[in-house]
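**Q** Below are the sequence and a predicted model; questions follow.
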Amino acid sequence: MAKIRLTKGELKRQRDALKQFQRYLPTLQLKKQQLQLEILQQNLILEEKEQLRVKKRQAIDHWIGLLSHSEIDLKPFLVPAAINTHFKNIAGVDISVFDALEFKPCEYDLFSTPLWIDAAIEAFKEIIILRKEISLLQDGVSVLRHELRITTQRVNLFEKVKIPQAEENIRLIKIYIGDQMANAVGRCKIAKRKIEEMVLEEAIA
């Protein structure tokens, strides 16, 4: 700990700093709680989306063998063109929220293709959309976790270092100033007694 000046000016500075730390700490604690709650909610959503993706993938497995007998290449129908998102602010942190995924337009001859092709394209699109949404959720959780880590460090800094340090500095300065005042009073009493003794000696002489 750096050596502090044992003065009234330093005492005021330490008191002002302590008030600032105590005023700022509740804001940090609230931010920490909000981030923890949002991470929990995002993880729940992430788990639901992942379960849905697995379920849809399992549903495809029942008929995916049909593709091996088809001459149609589905890849051109499954090329993402744009992902639409919006920002959500959580305790001062912006994360991207999934809205929709657009695919590049691709046409095929309705008369020369099997009827199940439409359903296959839609099923694959749903899985691709879920993957994009899951990826965006994972990115958001990662951003929130990073911010939570920084906020937690700041809370600990204020709770365990800054506030106790300021309180200890104030205590030491007050003790020193109190001792100085007591010494000054003592010196005044000694000086007063000496003056009285001198006056008394002059009066007797």
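**A** Alright, I've got the coordinates.
**Q** Now do the strands in the protein.
**A** Secondary structure of the chain (DSSP state E): strands at 80-90, 93-103.
**Q** what's the most buried one of those strands?
**A** Of all those, strand 93-103 has the most neighbours on average by mean count of other CB atoms under 10 Å, namely a mean of 15. (Glycine included, C-beta is placed from N, CA and C.)
**Q** Can you pull out the residues in contact with stretch 168-180?
**A** With contact meaning CB atoms under 8 Å, 6 or more residues apart in numbering, stretch 168-180 is reached by I4, L6, T7, K8, E10, L11, Q14, R15, L18.
**Q** mind showing which ranges of this protein have poor pLDDT?
**A** 1-2, 65-71, 108-113, 182-205 (pLDDT under 70).
**Q** Give me the angle between the longest helix along it and strand 93-103.
**A** Among the segments of the chain that qualify as a helix by DSSP state H, the longest is helix 8-61. Computed by axes from the mean of the first three to the mean of the last three CA atoms, to 10 degrees, the angle separating helix 8-61 from strand 93-103 equals 20 degrees.
**Q** now stretch 96-110, how far from the chain's geometric center?
**A** 34 Å (CA atoms, centre = their mean, to the nearest Å).
**Q** ok, so of the contacts of stretch 168-180, who is nearest K125?
**A** L18 (59.0 Å; CB to CB).
**Q** Might you report the residue contacts of the closest residue to that closest one other than its chain neighbours?
**A** Among residues not flanking L18 along the chain, A166 sits closest, at 4.0 Å (CB to CB, 6 or more residues apart in numbering). Counting by CB under 8 Å, 6+ apart, A166 makes contact with Q14, R15, A17, L18, F21.
**Q** Done for today, thanks.
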